Structure formats: structure tokens, C-alpha cells
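A structural model of the following input is requested.
(chains A and B)
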Amino acid sequence: MIELKNVRMCFDDFNALDGVDLTIPEGTAFGLLGSNGAGKSTILRLLSGVYKQTEGEVLIDGKPVYDNVEEKSRVFFINDETVQFGNMTLTDMRKYYRGFYPKFSDETFDKLNGVIKLPEKKRLDKFSKGMKRQAIVITGLACCTDYLLLDEAFDGLDPTMRIIVKRMLVDAMLDRKLTTIISSHNLKEINEVCDTAALLHQGKLLFNRDLDSVKGSIQKVQAAFEEEVTEKDFEGLNVLHFERNHSIVYIIIKGEEAEIRAELEKKKPKVLDMIPLTLEEVFIYEMEGMGYDCNGIR
Amino acid sequence: MYTIDLQSRTPIYEQLYKKVVELILKNELKTGDKLPSVRELAKSLGVNPNTVSKAFQLLERDKVIYSLAGRGSFVSDVNADNVKENALADFDKAAAEALKAGITRRELIERLDGGERSGEDNA
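Numbers count the residues shown, from 1 in each chain, chains lettered A, B, ... in the order given. From the prediction side, this is the model:
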């Protein structure tokens, strides 16, 4: 289990994380979402022991991560930067990580590279960006850690590689209860791969929930009423967005479907259509609620 | 045969639940038939195994399938009626909402008679 307790992370006068509490149970595939600079990578770097938090606690199974070799050997971090290891070959990487990670599996490594067929004797700085990413992903999966952190790593992979990684994750989740934390802007992928997700904005956590309930947490309503209505008529509801086009209104309302429906029925709508939002829409409207939107640019 | 729409707004576990029910109603899955494992389904659909497990748990709760430890999940015996009842209850709910929204009975009947892709009609 991963626990962040009231974590603050400051870089000079910038608060990258501002009091984050987060618990991630074992065996979860966890999606970290957030605007650019929200603090996603900072969380991953804290969990892999790259940074030490300014305040609060970062624990893996109850033990602090920073400066803790034993806990760190249970975590593999696939960084979004691929500049490291430039002077290494794939064979060097295998040896290097085999020394660090007690459960390193040559079998997994060979099985994966048997499919992907990266040259093992070529220096990594001669690889393309995508190939470098592949090399790190192969190595990360072969380390057979209990925790795998992917920082936008999915985004650099080709469709075949994505399927391979997804299948490897399924096996690892079922066989050894792997916990995966994936930060990404690709919400479609998060929707497929993850079961739980958190949304960060400016160093604060906006929500941390089961993905299915995230999607059901905001409703898109299309309705028409006998009498003319304005935004004021819906004051009792948590309206995120209101738009009217002649007699039809489009409202985005935060809350459970049944409650909202009951409330709207009272106004005797002629038409009432409700659909849950996609993850992408939830992201956009939640951010809009925080004053981060695209409405200034049309 | 276990196809789902990853772009859909409907949660993946719910789609999978409905898919299994649909396959039973269409008689493509029969009593005692073995379902694919969570692992196989998660891999072939490219989704999280926890999501597949969730669908299986709900199917088991509703007695549509049953699990034997170490052997897998199988289609239950008594389900056909239950499943039909559930499907009809869903239909009633949708029809009631449609009527409330101002769609006429005639329109609904016409819709049932014409152009339905399901093919069979047992009415």
C-alpha cells in the first residue's frame, strides 16, 4: 500500500505539492491525472525516492521511501525523460538493474525483447526516442517489482507496444498483485488501464475515486421546459456549466444521476435527457471549476 | 464474441455484464458453458483485470454465472428466466421514460415492429 500523508514539496518558493493525502491499495492500477505542472511527476519522484518531501510522510507498506534501499528495490520508476543511460547498451542495462532488483527476471526480459527485438549491443544514445522508451519499459517489467510507476510512459509507445505492456500488466496484477501508477494526459488509455484515478491541480488533490464513479459523478443534461428558464432556476444544484439554445438548455451538473433527475423532474420538463460524462469531459469541467479553462481562446 | 466499446460512456464492467447476458439470451452461451478467465478477457479486451473481476462478481451475485475455485466461471442453470425478467424490467423502465418524455405508444410500437436489428421477436 502506498500512503502520502499531508505531503508538501517545495522547490524554492514554488509549492509543487501542497498538502496531498493519498492512499493507493495493493493491486490497483492507479491513474494520475492533472493539468501541466499539477504535481504528477513530483508524486512519482517522491514514491521512487528521487526527491525527499519538504513536509509530511511518503510511505510504502508503512515504511518511508527516501533513503530506504529495501523499499526502493520494490519500486521501478519509468521516467518520462529518456536522456539517462545514453552510454549503455541493453545488455549493460540488464546487468545494472539485475544488481539492484532482487527479483529481476531474465526470462521476462528475453521474452519481451524476443518480441520487440531491440539490438542488445548498441548504445542507447543511438536508439530512437521510442526505442529508448521500449528499452526502459522492458527493463522495468523484467525487474518484477511490487510497484511500477509510469510517467507518461504509455504516451511514447507505439500501438503494438502498448498492447504488449497492457498484457504484461494484466499478468503482473493477477500473479503478484502489482500496483501500477500511471500519469498520463491520454484519458482514453487511463480509462482502459486504470481502475482508480486521482485528479491534481496546482499541487492539490481534487478527487481520488473509483474510475466508474468518477465518470458517474457529473451529468450532462439536455432538457426543455414549459416555461422559460435561466441559470437561476437551478441554483439548488451544483451547476458547472449552463448553456441555452432557444427552448433547449444544456447543463453540466455535479452529483448523482438519480438525485439530479428527481430535482429536475419537479420542474416538469418536456424533454429530459441525461448522460454521464466521459473521463475527458470530467477532466475539462473539473478544471473549469478551478478557473483553468480554454474559454479565453476561441 | 466478447466485444465492448472502449469509447462508450457506459462503464466497461457494465458493458461486459450486459454482453454476457446478451450472449445467454441469444443462446450463444448455454447452461454450464465455461466463460473465459479474467486474465484472458482482460488481455483480449485490453482492459484492467479488476474491471473484468467486477463484472464477474456482479454476474455471480445475480446468479447469472457461478464460479468453481480453480476451475473458472460457468453459466448458471436457472438464469434464462431471471435474465429475461431483468431485460423486460429494463424495457419497462425505458418505455415509461419515453412515454413521460412525450413519445406516443404508437411511436414505440412502430419502433419495435420496424427496423430492430435484434432479428428475433418473441412477442
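
can you pull the contacts of residue B:101?
Residues in contact with residue B:101, defined by C-beta atoms under 8 Å, 6 or more residues apart in numbering or on different chains, are A:270, A:271, A:272, A:273. In short, each C-beta sits where N, CA and C put it, glycine included.

pLDDT score for it?
Residue B:101 is assigned a predicted lDDT (pLDDT) of 79.

does residue 16 sit in a helix or strand, and which one?
This is for chain A. strand A:14-24 (DSSP states H and E).

wait, chain B
helix B:12-25.

Contacts made by that helix with the rest, please.
Helix B:12-25 is touched from outside by A:191-192, A:212, B:1-6, B:8, B:29-30, B:35, B:41, B:45, B:47-48, B:51-52, B:54-55, B:58-59, B:64-65, B:75, B:79-80, B:83-84, B:86-87, with contacts defined as C-beta under 8 Å, 6+ apart.

Give me the subset of those residues lying in helices.
For the contacts of helix B:12-25, the ones inside helices are A:191-192, A:212, B:41, B:45, B:51-52, B:54-55, B:58-59, B:79-80, B:83-84, B:86-87, with DSSP state H as the criterion.

Just the buried residues out of these, in PyMOL syntax.
Paste this into PyMOL to select the buried members of the ones in helices among the contacts of helix B:12-25, with burial taken from 16 or more other C-beta atoms under 10 Å in any protein chain shown:
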select buried, (chain A and resi 191+192+212) or (chain B and resi 41+45+51+52+54+55+58+59+79+80+83)
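
tally of neighbours for the closest residue to residue A:74 other than its chain neighbours?
With C-beta to C-beta, 6 or more residues apart in numbering or on different chains as the criterion, residue A:74 has its nearest non-adjacent residue at 4.6 Å, and that residue is residue A:146. Residue A:146: 19 surrounding residues under other C-beta atoms under 10 Å in any protein chain shown.

next one: the one 10 residues further on
Residues lying near residue A:156 (other C-beta under 10 Å) number 18.

Cross-check the contact I'm expecting between it and residue A:131.
No: look at residue A:156 against residue A:131 with C-beta atoms under 8 Å: they stay out of range, at 9.9 Å.

near chain A, which residues of chain B?
B:6-7, B:9, B:11-14, B:38-39, B:42-43, B:46-51, B:101-102 (C-beta under 8 Å from any C-beta of the partner chain).

Pick out the residue closest to the middle of chain B.
The geometric centre of chain B, computed from its C-alpha atoms, lies nearest to residue B:18 (C-alpha atoms, centre = their mean), at 2.1 Å.

What is the following helix or strand past the strand holding residue A:16 packed up against?
Per DSSP H and E, the first helix or strand lying C-terminal to strand A:14-24 is strand A:29-34. Secondary structure elements in contact with strand A:29-34, counted by 3 or more C-beta pairs under 8 Å, 6 or more residues apart in numbering or on different chains; DSSP states H and E, are helix A:40-47, strand A:179-183, helix A:187-193, strand A:196-201.

Columns distance to residue A:1 on top of these, output as TSV?
Formatted as TSV, the helices and strands packed on strand A:29-34 follow (distance: least, C-beta to C-beta, whole Å):
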stretch	distance to residue A:1
helix A:40-47	12
strand A:179-183	8
helix A:187-193	20
strand A:196-201	13
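
mean pLDDT for these: which is lowest?
Minimum mean pLDDT among the helices and strands packed on strand A:29-34: helix A:187-193, a mean of 87.

where's residue A:261 relative to residue B:27, distance?
When C-beta to C-beta, to the nearest Å is applied, the distance between residue A:261 and residue B:27 equals 35 Å.

now residue A:69
When distance is defined by C-beta to C-beta, residue A:69 is 59 Å away from residue B:27.

residues near residue 22, how many?
Chain wasn't specified; assuming chain A. Close neighbours of residue A:22, defined as other C-beta under 10 Å, add up to 20.

could you do chain B instead?
Count around residue B:22 with other C-beta under 10 Å applied: 15.

Check residue A:130 too.
Applying the criterion other C-beta under 10 Å, we find 13 residues in the vicinity of residue A:130.
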